[in-house]
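Engineer: Any chance you can model this:
(one chain, ligands or ions: 1)
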Amino acid sequence: MGRARISLGSGIIVEYGALKFALDPKVPAPVDYTFVSHAHLDHVHTPSIKSKVIASRATKKLAIIRGYDLGETIEHVDGVKLLDSGHILGSRAICIGDEVIYTGDAAGRERAFLAKCKTRRARTLIIETTFGSPEYVFPEVQTVIKEVNEMIARAFERGKAVVLMGYPLGKAQVLSYLFSMWAPLYVHERVARMNDIYRECGVKLRAEKAVSENVEGLPRGPFVMVAPMMNSNSDFIRRLKKSRGAVLAVFSGWAVDRGYRSMMGVDFAFPLSDHCDHGELLRIVNEVSPELVYTTHGFTEEFAQELRRLGYDAKPLNGYQSDLTQYAEAD
Ligand SMILES: [Zn+2]
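Structural biologist: Numbers count the residues shown, from 1 in each chain. Modelled structure (predicted):
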């Protein structure tokens, strides 16, 4: 089949033999196969009907409730392997003919019911580098869990509610799973919709009570609520703080940044991420052992430079960046 050719068009285009693949394009691409790595909104679109769509079943289900119909999807193509990327339910990396691996968004460690990104050896690696700078060292998941449980226990002793906030698809399900032993447990209605799909796909999330942004429906005593990122100045949060003394906590890899907590206007920020930290990105590169690395999203130039110092041929795929702001969307 020879070597794959990689170019930027509507998304990353891989030509391999007679076939063309578009990887997470933002608009329909005139190719044989369109790969949708996962159901975050910076990775999904309604594809061209001419292109066959490679995506997991969970990604198709999650895309639909987010307003995107991927149409008929397939998981098996000759010469192509899908690898669990561990980022959210259904997220996949793709390996095309042992030539090219594209990670999509990838996690570097197991947490809750999620795995870490699987790898294979390939000649070319296209890797997301959201946290591709050395300061991003995430603490052990167990350490974060312990700190959060202590924080909740302290709040409960003082009769306060705790709001655990994270990206509504992905992070909120990890939070719903990890902290489900606290009662009463509520989830914001936007999180509840996603939790239901996770349950349909076999993830054992405990039943919880879904609530809208209505303080009257919530108890007077302490409770935990899993919610999307909400503005701390929103009417709902202000009323929760005033009437229930609510303690606000956000969960994101960006919590490593000094200043993130105060920028978000919350009491606590915990570095619990669905991406690889810097060391985990290096480990993936090492495992794939590629001749050429392309970096996408985030610290593309910095990480490529570091890889070149380590002896890899590496370059950023600039122009393929999320058009959404990092803090808002890089979960
Ligand atoms: Zn994502």
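Engineer: Excluding chain neighbours, give the residue nearest to the closest residue to the ion within the stretch 51-200 of the chain in space.
Structural biologist: Nearest residue of the stretch 51-200 of the chain to the ion: D105, at 3.7 Å (CB to the ion). C-beta: built from backbone N, CA, C; applies to glycine. Closest residue to D105 apart from its sequence neighbours, by CB to CB, 6 or more residues apart in numbering: H87 at 4.2 Å.
Engineer: Also V27?
Structural biologist: According to CB to CB, 6+ apart, the nearest residue to V27 is S10 (4.8 Å).
Engineer: ok, so what distance separates the one you found from the ion?
Structural biologist: 19 Å (CB to the ion, to the nearest Å).
Engineer: pLDDT weak spots in the stretch 1-150 of the chain?
Structural biologist: Applying pLDDT under 70 to the stretch 1-150 of the chain flags residues 1.
Engineer: Spell out which parts of it neighbour the ion.
Structural biologist: 40, 105 (CB under 5 Å from the ion).
Engineer: what ranges do the strands span in the stretch 1-150 of the chain?
Structural biologist: For the stretch 1-150 of the chain, strands defined by DSSP state E, counting those that start in this stretch occupy the ranges 5-9, 11-16, 19-23, 33-35, 52-54, 73-74, 80-84, 92-96, 100-102, 124-129.
Engineer: For R123, grab phi and psi.
Structural biologist: The phi/psi pair for R123 (degrees, to the nearest 10) reads phi -80, psi -30.
Engineer: whoops, I mixed them up, P30
Structural biologist: phi -80, psi 70.
Engineer: Look at it and say how many residues are nearby.
Structural biologist: 13 (other CB atoms under 10 Å).
Engineer: what do you get for G202?
Structural biologist: Counted with other CB under 10 Å, G202 comes out at 9.
Engineer: domains for this structure, by residue range?
Structural biologist: Using automatic domain parsing, the domains assigned to the chain come out as 5-136+274-329, 141-270.
Engineer: Need the winner for burial among these.
Structural biologist: Highest mean neighbour count of these: domain 5-136+274-329, a mean of 20 (counted as mean count of other CB atoms under 10 Å).
Engineer: how far away is A269 from G259?
Structural biologist: Distance, A269 to G259, by CB to CB, to the nearest Å: 10 Å.
Engineer: returning to what we had before: need the contact list for the residue nearest to D105.
Structural biologist: 37-38, 104-107, 114, 117, 170, 274-275 (CB atoms under 8 Å, 6 or more residues apart in numbering).
Engineer: same thing but 6 Å
Structural biologist: Neighbouring residues of H87 by CB atoms under 6 Å, 6 or more residues apart in numbering: 38, 105-107, 274.
Engineer: can I get the residues you listed in JSON lines with distance to D69?
Structural biologist: Below are these laid out as JSON lines (distance: CB to CB, whole Å):
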{"residue": "H38", "distance to D69": "16"}
{"residue": "D105", "distance to D69": "21"}
{"residue": "A106", "distance to D69": "26"}
{"residue": "A107", "distance to D69": "27"}
{"residue": "D274", "distance to D69": "24"}
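Engineer: what's the most distant pair in those?
Structural biologist: Spatial extent of the contacts of H87 (CB to CB) is set by the pair H38 and A107 at 10.9 Å.
Engineer: ok, now how distant is the residue of the stretch 51-200 of the chain closest to the ion from S176?
Structural biologist: 20 Å.
Engineer: Equivalent analysis for Y33, please.
Structural biologist: Counting by CB to CB - Y33 and S176 are separated by 34 Å.
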